[in-house]
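Asks: Structural data only, the sequence is not supplied:
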């Protein structure tokens, strides 16, 4: 680590480190001001092969039985989940249809199974049917997310889920009176695209009240929880920093974070308000499929920017290294505006998530935290950060120093922000 970076006042004790598997991880544990809440809709195995080879031979019980016996578990979770979030476990309403179809298939193909296997599969389907009678279409447990999700390999082709993101969950509260979907359908519409359904502010308050009203012994973390309710319609270029300063942890989707925070931030940080989006790289004369989230003009050069809700997810270094040392970059989607790679900060990518700003150095193979967004309270703070950022870049690579004049003689000439 260079002395110049060590001395920078924006530097923090947190560090993204490289593991033996050549992936970058960070040791942050996020405690948001508001929690995110989501329903995790647990489905039933989709094939007899899955029941036989996975649940009978390996697990010895169904997923829902595992949850009913546990106070701590590791479960699939959305990418944006963080420590302190609330997970509401539900047994899928469509389970009955799946079980009926599998039972028909088993009886039809009875000759393909031994007597022992047939009897065992039939008993397990009946067991699943009994579980459905008690928990089908109902929220039956509440859990607290203990840490952000991590990627785990899932190479099996027989499992009925394909998510690779798993989070530790604990303090599981099993409801004495599970809440049927008919009781909360007026509050929440379940997602038809996957197992995860985010639950926002007032919807969550109503659902939480319904659960507590019908069950005794609710844990304190659930009683005191407040789900995010982003008032995005009230955010504009004049109040964005004041409003989003507190709300940025409440953004459920990366698109929200980009639209209501990052775009405004970059328009202040850059030499001009223009922000280039989805910029394609050119290497050795070939246009790469990789696209930079954003590019801004910064001290007369172009700086790539990558935006994430939570930087700890995945191997970010393997992604952003593709943005470095390019021959050229197209700044527009129609590939008409091409900029030479020499006009870029060719070894660096700025990384932004809801908590911090990092700088990726491709030559050194390092990701350093250079700013905590809690320190950014005014647009003047952003300009001060810009000066410190350029100081870091020029200390690392003196060839950048010639850009210090930055086209700002006599003030900043602004243009209207445009999207390409």
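Replies: Now that the structure is in, tell me what you want to look at. Everything quoted here is computed from the prediction, not taken from an experiment. Residues are numbered from 1 along each chain as shown.

Asks: Could you double-check that residue 36 lies in contact with residue 81?
Replies: Yes - using C-beta atoms under 8 Å, residue 36 is in contact with residue 81, at 6.5 Å. The C-beta positions use only the backbone N, C-alpha and C, and glycine is treated the same way.

Asks: contacting residues for residue 118?
Replies: 106, 110 (C-beta atoms under 8 Å, 6 or more residues apart in numbering).

Asks: Tell me how far it lies from residue 125.
Replies: 11 Å (C-beta to C-beta, to the nearest Å).

Asks: Which residue ranges of the stretch 151-300 of the chain form helices?
Replies: Remark: helices assigned in the stretch 151-300 of the chain by DSSP state H, counting those that start in this stretch are 181-184, 201-214, 220-223, 240-247, 254-257, 263-269.

Asks: And the second one, what does it pack against?
Replies: Spelled out, it's helix 201-214. Contacts defined by 3 or more C-beta pairs under 8 Å, 6 or more residues apart in numbering; DSSP states H and E place helix 201-214 against strand 86-91, strand 165-180, helix 181-184, helix 220-223.

Asks: which one of these lies closest to residue 243?
Replies: Shortest separation from residue 243 across the helices and strands packed on helix 201-214 is recorded for strand 86-91, at 24.0 Å, computed as C-beta to C-beta.

Asks: pretty sure residue 354 is touching residue 247, no?
Replies: No - counting by C-beta under 8 Å, residue 247 is not a contact partner of residue 354; they are 9.8 Å apart.

Asks: Which neighbours do residue 118 and residue 125 have in common?
Replies: Common neighbours of residue 118 and residue 125, counting by C-beta under 8 Å, 6+ apart, are residue 106.

Asks: which residues are in contact with stretch 90-98?
Replies: Contact with stretch 90-98 is made by 39-46, 64, 128-129, 131-132, 135-140, 181, as judged by C-beta under 8 Å, 6+ apart.

Asks: can you count the residues close to residue 50?
Replies: Residue 50: 18 surrounding residues under other C-beta atoms under 10 Å.

Asks: average model confidence for the helix or strand where it lies?
Replies: Assessed by DSSP states H and E, residue 50 sits inside helix 48-50. On average, the pLDDT along helix 48-50 is 83.

Asks: So which residues of the stretch 301-420 of the chain form strands?
Replies: 301-307, 328-330, 338-340, 348-352, 356-361, 366-372 (DSSP state E, counting those that start in this stretch).

Asks: Using a markdown table, lay out those strands together with mean neighbour count.
Replies: Supplementary listing: the strands of the stretch 301-420 of the chain in a markdown table, determined by neighbours: other C-beta atoms under 10 Å:
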| stretch | mean neighbour count |
| --- | --- |
| strand 301-307 | 23 |
| strand 328-330 | 22 |
| strand 338-340 | 15 |
| strand 348-352 | 25 |
| strand 356-361 | 22 |
| strand 366-372 | 20 |
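
Asks: right, so of these, which gets closest to residue 198?
Replies: strand 301-307 (19.4 Å).

Asks: Give me the distance between that closest one and the centre of its chain.
Replies: Relative to the centre of its chain, strand 301-307 is centred 20 Å away, using C-alpha atoms, centre = their mean, to the nearest Å.

Asks: What is the three-state secondary structure of the residue lying closest to residue 120 once chain neighbours are set aside?
Replies: Excluding the flanking residues, the one nearest residue 120 by C-beta to C-beta, 6 or more residues apart in numbering is residue 56, at 6.5 Å. Assigned with DSSP: H, G, I helix; E, B strand; the rest coil, residue 56 falls in the helix class.

Asks: tell me the pLDDT at residue 56?
Replies: The predicted structure lists residue 56 with a pLDDT of 80.

Asks: likewise residue 67?
Replies: Confidence score, pLDDT, at residue 67: 90.

Asks: Just the buried residues of the helix or strand hosting it, please?
Replies: If you go by DSSP H and E, residue 67 is part of helix 63-68. Across helix 63-68, burial judged by 16 or more other C-beta atoms under 10 Å covers 63-64, 67-68.
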